[in-house]
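Colleague: Would you be able to build a 3D model of this:
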Amino acid sequence: EDPPSSVDDVPTTITRWPSPWWMSFVVVCLLGIVFNGATFWKSATTRKRGSPTTRVSLSLLCVMAGADTACLLALLFTLSLRYLGITNTTLLSFACRFNLFVIHSASAFSLYCWLILSLVRYVAVFSPYKHLRLNREPILAVLSIGAIICLLEFYVFYEVTYDENVRACNSMRDQEFDRKIEVLLFRATWSRENSLLRKSQEDRRKSCMDGSSPDRLSIASDDAEPPSNGSNFNQARFSIVKSDQLFGKARSTRRRFRQFRALRRALAISIFDLLLNLPNYLFRLYATIMNHETPFSVETIILIENVSQIMYFAQFSLNAFYLACLIYDSPRRKKGIPVSGQHSYAQTFTTSILSTQGSIKWQKTRNVQRKSTPAVNGL
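Modeller: Next comes the predicted model:
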């Protein structure tokens with residue numbers, strides 16, 4: 001993405017208080033950095049108890065959070081240049097070019113990382129066995145894309161120059177009109193589609209992992225009927241099936257409610273993220289079409305530009321907030337019988353069903369109800 005080359009184009013010859021626009025950019029950067037730090041911390045705590053495929057997804061999330069953090073740090077350093085008291089033109093020129101290169105590369109790299117993660121989650125939903133076999137393929141794809149992006153964005157060091165009068169970076173390349181419009185429309189469409197893709201698929205994957213399928217965990221089919229021979233084994237088996245159906249209906253309702261809630265949340269975040277991107281693209285498209293012929297005053301153009309740029313960089317803070325607060329929001333384990341106790345209790349219940357009549361009578365004397373045993377609750 002093309003970030004702003006400067007926040008304020010007014011030359012500064014004396015020390016003055018920061019403007020409200022400058023403070024707004026700094027607040028946006030600091031919020032994004034804090035949320036990305038929370039993402040790193042939660043990733044470190046979740047990685048210890050995660051599976052190999054979960055660790056791959058966490059690695060992708062950490063790479064994306066690192067790219068967003070680098071982009072925000074570069075912007076924050078660019079905002080601080082005019083207040084650091086640096087007067088060396090060569091150093092300012094290099095810092096301006098390097099920060100612009102980091103912002104370009106990091107924002108584009110984060111975008112393609114989102115795409116790779118969305119593809120990984122598609123595989124996890126529709127081909128779980130292929131997802132389990134994924135090891136280093138997503139990481140290698142991300143590294144390859146990162147290298148390609150760095151090579152493509154290396155032109156910044158040769159194209160961008162530092163203007164001492166306005167203390168900002170200027171581009172010396174004059175692109176064609178049609179090419180500018182094509183690139184702008186492509187980026188706007190790509191950002192919108194990828195935003196909807198990543199948000200919906202992440203929440204869909206999360207809802208699928210949280211819920212349990214009653215059809216997959218049932219002992220027998222749903223159309224099972226009680227046998228007519230009256231054997232204790234078949235009666236006990238049928239009672240487990242019916243109790244599993246009762247528990248399965250409740251789980252299905254709760255899972256469907258979580259899926260609709262996740263869908264509404266994903267749509268809300270996607271629409272809000274699109275609203276943050278759209279003003280900057282529209283402003284750039286308008287500036288490209290109108291060139292220097294515009295009916296608006298310079299103050300109005302500067303106001304619109306500052307607002308659109310603040311909204312554009314605020315999306316990085318929104319993505320960091322989404323990762324830190326929603327992606328790792330897993331259901332808490334309910335308190336109950338310890339795992340060892342559940343295992344021994346379930347084993348005793350299964351042995352009584354598969355053995356003689358005496359063991360079932362022993363369960364009745366111990367006041368054990370088949371339909372409420374931990375073995376059934378775990379189905």
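Colleague: Measure how buried residue 288 is and give me the count.
Modeller: Burial measure for residue 288: 14 neighbouring residues, criterion other Cβ atoms under 10 Å. Quick note: C-beta positions are derived from backbone N, CA and C, even for glycine.
Colleague: What's the per-residue pLDDT of it here?
Modeller: On the pLDDT scale, residue 288 is placed at 70.
Colleague: now the strands for the protein?
Modeller: In the chain, the strands defined using DSSP state E lie at 160-163, 168-171.
Colleague: how about the last one: buried residues?
Modeller: Of the residues in strand 168-171, those buried under the neighbour-count criterion (16 or more other Cβ atoms under 10 Å) are 168-169.
Colleague: what do you get for stretch 112-124?
Modeller: In stretch 112-124, counting by 16+ other Cβ under 10 Å, buried: 112-118, 120-121, 123-124.
Colleague: between these, which is nearest residue 145?
Modeller: Using Cβ to Cβ, residue 112 is the member of the buried residues of stretch 112-124 that sits closest to residue 145, with 4.9 Å.
Colleague: Could you pull up the residues touching that closest one?
Modeller: Applying Cβ atoms under 8 Å, 6 or more residues apart in numbering, one finds that residue 112 lies in contact with 142, 145, 149.
Colleague: CA-only coordinates of stretch 295-309 in CSV, if you can.
Modeller: The C-alpha coordinates for stretch 295-309 follow below in CSV (Å, rounded to 0.1, in the frame of the first residue of the first chain):
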residue,chain,number,x,y,z
PRO,A,295,-12.6,23.1,-6.9
PHE,A,296,-11.7,22.6,-3.2
SER,A,297,-9.3,24.8,-1.2
VAL,A,298,-5.9,23.6,0.0
GLU,A,299,-7.1,23.5,3.6
THR,A,300,-10.0,21.2,2.6
ILE,A,301,-7.7,18.9,0.7
ILE,A,302,-5.3,18.7,3.6
LEU,A,303,-8.1,17.9,6.0
ILE,A,304,-9.5,15.1,3.8
GLU,A,305,-6.1,13.7,3.3
ASN,A,306,-5.3,13.6,7.0
VAL,A,307,-8.6,12.0,7.9
SER,A,308,-8.3,9.3,5.2
GLN,A,309,-4.7,8.5,6.2
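Colleague: Buried residues of it, list them for me.
Modeller: Quick answer for stretch 295-309 (16+ other Cβ under 10 Å): 304-306, 308-309.
Colleague: Check stretch 154-161 too.
Modeller: By neighbour count on 16+ other Cβ under 10 Å, the buried set for stretch 154-161 is 156, 160.
Colleague: I'd like the mean pLDDT over it, please.
Modeller: pLDDT averaged over stretch 154-161 gives 80.
Colleague: Now do the end-to-end distance for that stretch.
Modeller: In stretch 154-161, first residue to last residue: 14 Å (Cα to Cα, to the nearest Å).
Colleague: pLDDT score for residue 73?
Modeller: Per-residue confidence (pLDDT) for residue 73: 91.
Colleague: Also residue 275?
Modeller: Residue 275 carries a pLDDT score of 80 in this model.
Colleague: Leaving out the residues flanking it, which one is nearest to it?
Modeller: Distances taken as Cβ to Cβ, 6 or more residues apart in numbering put residue 311 closest to residue 275, at 7.6 Å, once the chain neighbours are dropped.
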